[in-house]
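Student: how would this look folded up:
(one chain, ligands or ions: 1)
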Amino acid sequence: MKYLTQQKWLLRVFSFALIALTSLMILSCSANKNRKTLYFAHSLPTSHPVHKGILIMQEALLKNSGGKLQIKVFPDGQLGSERETLELLQIGSIAMTKVSASALSNFAPEYQVLVIPYLFRDSEHLFKNLEGDVGQQLLASGTEYLLRGICFYDAGARSFYTKDRPVNSPDDLAGLKLRVQNDQMSVDMANTLGAAATPMAFGELYTALQQNVVDGAENNIPSFVSSNHFEVCKYYIFDEHTMVPDVVVIGTKFWNQLSDEEKGWLDDSAKQSVAKQKQFWKETVVENMKMLKEKGVEFIYPQKAPFIKKSKPIMEKLLMHPDLKPIIDQINAN
Ligand code: GCU
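Tutor: Predicted structure coming up:
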């Protein structure tokens, strides 16, 4: 594992050198205005339905622009964690990324509302909001922080999974060290429910689980499977505490350099990928659940009421925030 980590670092150093070199190339390419390439980094493996959505965007953009505007994808955390790729966008080293709204909430605080436990009634309620005024408002809110949201991708519902402890109620979470994403809302969520939140980057989690640094984590089914965490964790508990979507983001440094026509190509390609990605998501969940059952992972369907009740203080706290309250109220009213 140590060897793999070293390899990953080498790959990263190499990738940064590559970026530096190609930034020069991009500049020279854009100088002759014939072709522009947008570097797009994200942390998920290529088997993941979100990566497949990104490939649809890439394909659609190639077609829309006749090859004049292209995307080059760096998956699997090759260019760093979600926090790091967002920083690369801010300094203009790469153009685009796809991160969880949780990661983005560290930069653009409005996104915190999407991490509130049990805020959305179901995926219909989620998408009604993401694809309506609330979604538009959130995507635009990043611009102030040089991170312009392009679209949302389905990331299902997040649930806990553990190495060897079945969890049927929040009481069973007591004393469990659970990995959460690196943002305050995710930490508050796990702690409020009774666990000991352990924030870390997604790419570090497999080893952390293997080495008993943590007793479990929380994520959606496709991420649980594509990261191979199911090899180490034998219980998946469908408490479905959050429905945190993924967000495609472009750095404003690159966005502002695009012509209106190029912006139009990109927006249209994103739109095409959103519809397809939702389809990939549904298919993947069905396939993954079948595979997990065959591999002997135990599914637990606990009563949700005690989880909902115990996590209520999180929403109550955010409702005190004058900038966030109107967004939460709007979501609740929809
Ligand atoms: C999901 C999400 C990723 C995120 C990961 C995590 O898989 O799609 O963007 O990195 O959760 O838990 O860190």
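Student: number of nearby residues for residue 115?
Tutor: 27 (other C-beta atoms under 10 Å). All C-beta atoms are positioned from the backbone trio N, CA, C, and that covers glycine.
Student: residue 213 too?
Tutor: 14.
Student: ditto for residue 110
Tutor: 21.
Student: who's in contact with the helix or strand harbouring residue 332?
Tutor: Using DSSP states H and E, residue 332 falls within helix 325-333. Here helix 325-333 makes contact (C-beta atoms under 8 Å, 6 or more residues apart in numbering) with 110, 113, 116, 119-120, 129, 133-134, 137-138, 315, 318-319.
Student: go again with 6 Å.
Tutor: 113, 129, 134, 319 (C-beta atoms under 6 Å, 6 or more residues apart in numbering).
Student: how far away is residue 62 from residue 94?
Tutor: 19 Å (C-beta to C-beta, to the nearest Å).
Student: more neighbours: these two, which one.
Tutor: Each of residue 62 and residue 94 has its neighbours counted (other C-beta under 10 Å); residue 94 has more, 26 against 16.
Student: the more buried one is in contact with residue 88, isn't it?
Tutor: Yes - at 4.7 Å, residue 94 counts as touching residue 88 under the criterion of C-beta atoms under 6 Å.
Student: quick revisit: list the buried ones in the helix holding residue 332?
Tutor: 327-328, 331 (16 or more other C-beta atoms under 10 Å).
Student: then stretch 221-237?
Tutor: Here stretch 221-237 shows 221-227, 229-230, 232-237 as buried, counting by 16+ other C-beta under 10 Å.
Student: who in the stretch 101-250 of the chain is up against the ligand?
Tutor: Contact residues, the stretch 101-250 of the chain versus the ligand (C-beta under 6 Å from any ligand atom): 155, 181, 202, 219, 223, 246.
Student: give me the contact list for stretch 89-96.
Tutor: By C-beta under 6 Å, 6+ apart, stretch 89-96 touches 19, 38-41, 88, 97, 146-147, 250-251, 253-254.
Student: that one spans what distance, first to last residue?
Tutor: End-to-end distance of stretch 89-96 (C-alpha to C-alpha, to the nearest Å): 7 Å.
Student: is the ligand contacted by it?
Tutor: No - Stretch 89-96 is not in contact with the ligand by C-beta under 6 Å from any ligand atom; minimum separation 13.9 Å.
Student: still on that earlier bit, list just the nearest of the contacts of stretch 89-96 to residue 79.
Tutor: The nearest member of those to residue 79, counting by C-beta to C-beta, is residue 41 at 3.9 Å.
Student: so that closest one: helix, strand or coil?
Tutor: Classification of residue 41 using DSSP: H, G, I helix; E, B strand; the rest coil returns strand.
Student: roughly how far apart are it and the ligand?
Tutor: 12 Å (C-beta to the nearest ligand atom, to the nearest Å).
Student: got the contact list for residue 280?
Tutor: Contacts of residue 280 by C-beta under 6 Å, 6+ apart are 49, 52.
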